[in-house]
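# Below are the sequence and a predicted model; questions follow.
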Amino acid sequence: MAPSLHITGDAESDALLSNDPLALLIGMLLDQQIPMETAFAGPAKLRDRLGQLDVAELATFEPEKLVDVFRITPAVHRFPGSMAGRVQTLCAAVVSDWGGDAAAIWTRGAPNGAEILTRLKALPGFGEQKAKIFLALLGKQYGLNADGWQQAAGDYGQDGSCRSVADIVDAASLTKVREFKRAAKAAAKGK
């Protein structure tokens, strides 16, 4: 049974994220310098504009044409050029390293949480924090039950936290996550 994510506030976009591991991975990649729900709605925009969300097609798409697809209003991301390139690079890695199967990153060989984190950090565009947040999202909402995922995800894996997209299940939790992020930014500026 597929998970039922509620990240974007749009049922169609959330259904795609819930049923397509590549869409979820791309949404996480896009989640920078724009609102979370906009980032995670990006895969649905791409699918609608391209007719499908195909990892091999995205990996080999004409780069300038992909940028044009990202720019169609409403834009997939506020930085269409760089983010189209990042999505393309990510998809190329999924094709070359994982046989085109995004879910294999967290399922192939029944890896534990630490191994999944290592695999995620090896992806283009996924640093330590993004990898931990995505691991927490997989564990908290996507049905991942790999040994040690909570420890590998660090603070993002804590039950009851409201730190990241991994904790968004409805409008109220989105508000709590936003409040946490605002407080963390303010604290960082105060240092």
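All right, it came through fine. Residues are numbered from 1 along each chain as shown.

# Which of the helices or strands spans the spatially most central residue of the chain?
Residue closest to the mean C-alpha point of the chain, counted by Cα atoms, centre = their mean, is Met28 at 1.8 Å. Met28 belongs to helix 21-30 when assigned by DSSP states H and E.

# now that helix: how far from the chain's centre is it?
4 Å (Cα atoms, centre = their mean, to the nearest Å).

# helix or strand right after it?
helix 36-50.

# and the following helix or strand past that next one, what does it pack onto?
Per DSSP H and E, the first helix or strand lying C-terminal to helix 36-50 is helix 55-60. For helix 55-60, the elements it packs on are helix 36-50, helix 80-98, judged by 3 or more Cβ pairs under 8 Å, 6 or more residues apart in numbering; DSSP states H and E. For glycine as for every other residue, the C-beta is placed from the backbone atoms N, C-alpha and C.

# then the next helix or strand after helix 55-60 to CSV, C-alphas only?
Next along the chain after helix 55-60, taking DSSP H and E as the criterion, comes helix 63-71. C-alpha atoms of helix 63-71 as CSV (Å, rounded to 0.1, in the frame of the first residue of the first chain):
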residue,chain,number,x,y,z
PRO,A,63,19.4,20.9,-21.4
GLU,A,64,18.2,24.2,-22.8
LYS,A,65,14.7,22.8,-23.5
LEU,A,66,14.5,21.5,-20.0
VAL,A,67,15.3,24.9,-18.7
ASP,A,68,12.4,26.2,-20.9
VAL,A,69,10.1,23.6,-19.3
PHE,A,70,11.2,24.8,-15.9
ARG,A,71,10.4,28.4,-16.8
